[in-house]
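**Q** Need coordinates for the following:
(one chain, ligands or ions: 2)
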Amino acid sequence: MRPFVFINIAMSADGKISTRERRQVRISGTEDFSRVDRIKAESDAIMVGIGTVLADDPSLTVKSPELRAGRVAAGKDEHPIRIVVDSAGRTPTDADILHKGTGKRIVAVSRAAPRERVEALAEHADVIVAGDETVDLAALLAELYRQGVRRLMVEGGGTLIWTLFEQGLVDELQTFIGNMVIGGKDAPTPADGTGFLREEDFTRLRIIGTERLDGGLLIRWGVEKG
Ligand SMILES: NC(=O)C1=CN([C@@H]2O[C@H](COP(=O)(O)OP(=O)(O)OC[C@H]3O[C@@H](n4cnc5c(N)ncnc54)[C@H](O)[C@@H]3O)[C@@H](O)[C@H]2O)C=CC1
Ligand SMILES: Nc1nc(O)c(N)c(N[C@@H]2O[C@H](COP(=O)(O)O)[C@@H](O)[C@H]2O)n1
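**A** Ligands and ions are numbered 1, 2, ... in the order given. Okay, the predicted model is just below:
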């Protein structure tokens, strides 16, 4: 068993999620950031890859006091569990995700992570070991389910999202398309990694909702199970 896994990603009209220098840029406007805050508050956990932590230093906290209060009234922590997928245990111990806001954090590492890094991270987060060289995502999701996570939001970046699609571990994709062009053949996209080669392997999607926001477009896609 695994949680319901949905991805939320903001990309430019030309399909980039940041600049070629991997510098975080504002693609969403206030309307989309409010929506992101809502779907974050509705999730049990929120997950990013180590590339996103190193590039953006996100806190992944719920920003609205009303949404945080709603979670507490429902008997939950103020913020969803925050998870970093980090094979080698490279998360900086002063990263915002480990310090901003209350509640549980998880760093998922592989068995190849140096012991001193695991020990340092264990002072700030629960450490889950899954996989030999890279984090075994299916095993991680099974463990999260065992710990009570039923709804998991994935915020990026492109490498983690690609692997989740490659392994058939995604149920829904929410793509916000902002009204700008970023350009650059090396700028990250929503699903990087190696990509599929054969048409029969492509992940097939169906539109389950659309909405105009911030001069751009939100598309919600369901993943066709085949
Ligand atoms: N516009 C948006 O909504 C968002 C944009 N971003 C952007 O994405 C970029 C970061 O993306 P990436 O560099 O691709 O990093 P990423 O956040 O996808 O992390 C990838 C890293 O996770 C680790 N990892 C461990 N096990 C793994 C597994 N089984 N599968 C995949 N990865 C595994 C590896 O070290 C891998 O290099 C930044 O430029 C950031 O600004 C990130 C989040 C949201
Ligand atoms: N939804 C969305 N729109 C954008 O325009 C973005 N640049 C991002 N980036 C993601 O948001 C994270 C920031 O989280 P905190 O505000 O620190 O909680 C960042 O790391 C990206 O994952 N997202």
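**Q** Please make it C-alpha for all contacts and neighbour counts, starting now.
**A** Noted.
**Q** mind listing what the residue lying closest to G101 once chain neighbours are set aside touches?
**A** Distances taken as Cα to Cα, 6 or more residues apart in numbering place T61 nearest to G101, at 6.5 Å, with adjacent residues excluded. Going by Cα atoms under 8 Å, 6 or more residues apart in numbering, T61 touches H79, P80, K100, G101.
**Q** Okay, and which of these map to helices?
**A** When DSSP state H defines the helices, the subset of the contacts of T61 inside them is empty.
**Q** Using neighbour counts, trim those residues to the buried set.
**A** Buried residues within the contacts of T61, counting neighbours by 16 or more other Cα atoms under 10 Å: H79, P80.
**Q** Please produce a markdown table containing the contacts of T61, extended by distance to A139 and pLDDT.
**A** Output for those, formatted as a markdown table (distance: Cα to Cα, whole Å; pLDDT from 0 to 100):
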| residue | distance to A139 | pLDDT |
| --- | --- | --- |
| H79 | 24 | 98 |
| P80 | 20 | 98 |
| K100 | 27 | 97 |
| G101 | 27 | 96 |
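**Q** Pull out the buried residues from the longest helix seen in the chain.
**A** Determined from DSSP H, the single longest helix within the chain is helix 30-41. For helix 30-41, a neighbour-count test (16+ other Cα under 10 Å) marks D32, F33, V36, D37, R38, K40, A41 as buried.
**Q** I'd like the distance between the third one and ligand 1.
**A** Here the criterion is Cα to the nearest ligand atom, to the nearest Å. By it, V36 lies 10 Å from ligand 1.
**Q** Likewise for the second one?
**A** When Cα to the nearest ligand atom is the yardstick, F33 and ligand 1 sit 10 Å from each other.
**Q** again, but for R38
**A** 15 Å.
**Q** How about R2?
**A** 15 Å.
**Q** Touching, that residue and L141? I think so.
**A** Yes: applying Cα atoms under 8 Å as the test, R2 and L141 come out as touching, 5.3 Å apart.
**Q** Show the secondary-structure elements that the longest helix of the chain is packed against.
**A** helix 65-73 (3 or more Cα pairs under 8 Å, 6 or more residues apart in numbering; DSSP states H and E).
**Q** Beyond the helix it packs on, next helix or strand please.
**A** Per DSSP states H and E, the first helix or strand lying C-terminal to helix 65-73 is strand 81-85.
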